[in-house]
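J.: Curious how this folds, go ahead:
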Amino acid sequence: MSSIFTPIALAAAIYSTAAEAQDTTGLTAEPQIVTGKFLTATEVKPVLNATQANWVAVREYDGQDLVYVTHLWAWRCGLLQMEVAINEGEYEIWDMPKCHADEGSPGAIKSGDGAPYRSFELGSVQNIKVRLVYDDLTTAEAVFERAAIMMP
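T.: Sure, this is the predicted structure:
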């Protein structure tokens, strides 16, 4: 079984290392204390690497394209920053709610946290680039094509 995961882990490590060159000016690395509550990059990075296909989604609703980042919000503890670029545009920092570290479900999305999506003109979102900055200052990037992330 470990032979199945070894190439995946190796690819993730290579990809993450290649992405480390991104500018993290003004950000400070946080201590990587493993608590089992998924509060640090050390804890959430393996989950986000394994679930990369779920980072974003597009839904056509009420005459608009809605770009969802719900999955990233749910695993935001351990992230310092999330940047999104729509259709080869420039990266833009998308705010995330604070991690509820002192609660039983630190990544829970509460009613006061806002909406985990943004609206765009219907049919306008063709691809999405995402760059994550973890709290250990490593980064990860992915590109998603509309057809691959459409919600029914």
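J.: after the worst-scoring helix or strand of the chain on mean pLDDT comes which helix or strand?
T.: Least confident helix or strand of the chain, by mean pLDDT, DSSP states H and E, is helix 2-19 with a mean of 39. For helix 2-19, the succeeding helix or strand toward the C-terminus, using DSSP states H and E, is helix 41-50.
J.: low-scoring pLDDT stretches of the chain, where are they?
T.: Applying pLDDT under 70 to the chain flags residues 1-24.
J.: Residue 133: how many residues sit nearby?
T.: Around residue 133 there are 21 other residues, counting by other Cβ atoms under 10 Å. For glycine as for every other residue, the C-beta is placed from the backbone atoms N, C-alpha and C.
J.: Kindly state the beta-bridge partners for it.
T.: residue 81, residue 139 (DSSP bridges).
J.: Surely it and residue 78 touch.
T.: No. With contact taken as Cβ atoms under 8 Å, residue 133 and residue 78 are classed as non-touching, separated by 10.4 Å.
J.: my guess is residue 91 contacts residue 83, does it?
T.: Yes. The pair residue 91 and residue 83 qualifies as a contact (Cβ under 8 Å) at a distance of 4.1 Å.
J.: nearest spatial neighbour of residue 37, skipping sequence neighbours?
T.: residue 106 (5.7 Å; Cβ to Cβ, 6 or more residues apart in numbering).
J.: contacting residues for the one you found?
T.: 37-39, 77, 99-100 (Cβ atoms under 8 Å, 6 or more residues apart in numbering).
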